[in-house]
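**Q** Here you go, sequence then predicted model.
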Amino acid sequence: MKNFVVKTIANAGALAVAVWLLDKITLTGDSTGKKVGTLILVALLFGLVNTLVKPIVKVLTFPLFILTLGLITLVVNALMLLLTSWLCDKFDLSFHVDGFWAAVVGGLIISIVSWALNVVLPDGKD
């Protein structure tokens, strides 16, 4: 359970950095508290998408992973971010990614920041 919470916090932090750095990834809200709450919900949804959908997409695109030496990972991460944005729209969460290239750059930022935060934060495996 502690590992799940740490990963969610890392995802929320990574999403916050992407929102802060990129104009085409937006998170709106009336107050800071509402934005933080929305960010946590988006991080949970993003984690769910990455847990359920991403492995299926990776298996289906395995030949492309070999052919591109793994660079297709950028596209897969962008698609997961766009799917999260679409789901947020369906759940009436104020998170939006405007375009494929914003999703590619956002996915790259989220991957790097999430990796760094997972290195720094405790993983609960004592």
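**A** Received the coordinates, thanks.
**Q** Now do stretch 48-61, average pLDDT.
**A** Taken as a whole, stretch 48-61 has a mean pLDDT of 93.
**Q** And the contacts of that stretch?
**A** 65, 72, 76, 79, 80, 83, 84, 87 (CB atoms under 8 Å, 6 or more residues apart in numbering). All C-beta spots, glycine's among them, are computed from the backbone N, C-alpha and C.
**Q** element containing residue 113, please.
**A** In the assignment (DSSP states H and E), residue 113 maps to helix 100-120.
**Q** follow-up on the earlier one: is it possible to get JSON lines of the contacts of stretch 48-61 that adds pLDDT and secondary structure?
**A** Listed next are the contacts of stretch 48-61 as JSON lines, based on pLDDT from 0 to 100; DSSP: H, G, I helix; E, B strand; the rest coil:
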{"residue": "65", "pLDDT": "91", "secondary structure": "helix"}
{"residue": "72", "pLDDT": "93", "secondary structure": "helix"}
{"residue": "76", "pLDDT": "94", "secondary structure": "helix"}
{"residue": "79", "pLDDT": "95", "secondary structure": "helix"}
{"residue": "80", "pLDDT": "95", "secondary structure": "helix"}
{"residue": "83", "pLDDT": "96", "secondary structure": "helix"}
{"residue": "84", "pLDDT": "96", "secondary structure": "helix"}
{"residue": "87", "pLDDT": "96", "secondary structure": "helix"}
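**Q** now those residues: which count as buried?
**A** 72, 76, 79, 80, 83, 84, 87 (16 or more other CB atoms under 10 Å).
**Q** Chain neighbours aside, what residue packs nearest to the spatially most central residue of the chain?
**A** Computing the C-alpha centroid of the chain and ranking residues by CA atoms, centre = their mean puts residue 46 first, at 5.0 Å. In space, residue 46 comes closest to residue 84 once its chain neighbours are excluded; the distance is 4.7 Å by CB to CB, 6 or more residues apart in numbering.
**Q** Double-check the one you found against residue 45; I have them as touching.
**A** Yes. The criterion here is CB atoms under 8 Å, and residue 84 meets it with residue 45 at 5.7 Å.
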